[in-house]
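K.L.:
Fold the following, please.
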Amino acid sequence: MTITTAGMDAMEAKAKERLYRLVDQIPEGEVHTAERFLEYLAAAQDPVMRALLNAPEDDEPLSDEDREALEEGRRALAEGDVVSDEELRAELKI
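P.N.:
You can find the predicted model right below:
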């Protein structure tokens, strides 16, 4: 059995319709999870992003400087010394 391009397009359209219905059924607490998963699927089509997603984990030990920087960041977060994405964009004018 040969499936034509038009047949594939029709199958894809039906699949997308099913996805839309499923999205409407996602419980409120899982919407963000579903969004992230769909973003992952979309990003995986980009060869650069696919390479990053499949790259091995960095197993190089942390230096003392790395550990200090991490601790500084954790301390700032705990103290609320952070800015929102919007504030950062405004500050950087981007």
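
K.L.:
for the helix-or-strand element of the chain with minimal mean pLDDT, the distance to its chain's centre please.
P.N.:
Least confident helix or strand of the chain, by mean pLDDT, DSSP states H and E, is helix 47-54 with a mean of 85. Its chain's average C-alpha position is 12 Å from that of helix 47-54, according to C-alpha atoms, centre = their mean, to the nearest Å.

K.L.:
Mind giving me the packing neighbours of the very next helix or strand once past that helix?
P.N.:
Counting by DSSP states H and E, the element after helix 47-54 in chain order, helix or strand, is helix 64-78. Using 3 or more C-beta pairs under 8 Å, 6 or more residues apart in numbering; DSSP states H and E as the contact test, no helix or strand touches helix 64-78. Yep, even glycine has a C-beta here, placed from its N, CA and C like the rest.

K.L.:
Give me the distance from helix 64-78 to the chain's centre.
P.N.:
That offset, for helix 64-78, works out to 24 Å (C-alpha atoms, centre = their mean).

K.L.:
Alpha carbons only: can I get it in PDB?
P.N.:
Extracted in PDB, the C-alpha atoms of helix 64-78 (Å, rounded to 0.1, in the frame of the first residue of the first chain):
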ATOM      1  CA  ASP A  64      37.300  25.900  43.800                       C
ATOM      2  CA  GLU A  65      36.300  29.000  41.700                       C
ATOM      3  CA  ASP A  66      33.300  27.100  40.300                       C
ATOM      4  CA  ARG A  67      32.100  26.000  43.800                       C
ATOM      5  CA  GLU A  68      32.500  29.600  45.000                       C
ATOM      6  CA  ALA A  69      30.400  31.000  42.100                       C
ATOM      7  CA  LEU A  70      27.700  28.400  42.700                       C
ATOM      8  CA  GLU A  71      27.600  29.200  46.400                       C
ATOM      9  CA  GLU A  72      27.400  32.900  45.600                       C
ATOM     10  CA  GLY A  73      24.500  32.300  43.300                       C
ATOM     11  CA  ARG A  74      22.700  30.100  45.800                       C
ATOM     12  CA  ARG A  75      23.200  32.700  48.500                       C
ATOM     13  CA  ALA A  76      21.800  35.500  46.300                       C
ATOM     14  CA  LEU A  77      18.800  33.400  45.400                       C
ATOM     15  CA  ALA A  78      18.100  32.600  49.100                       C
END
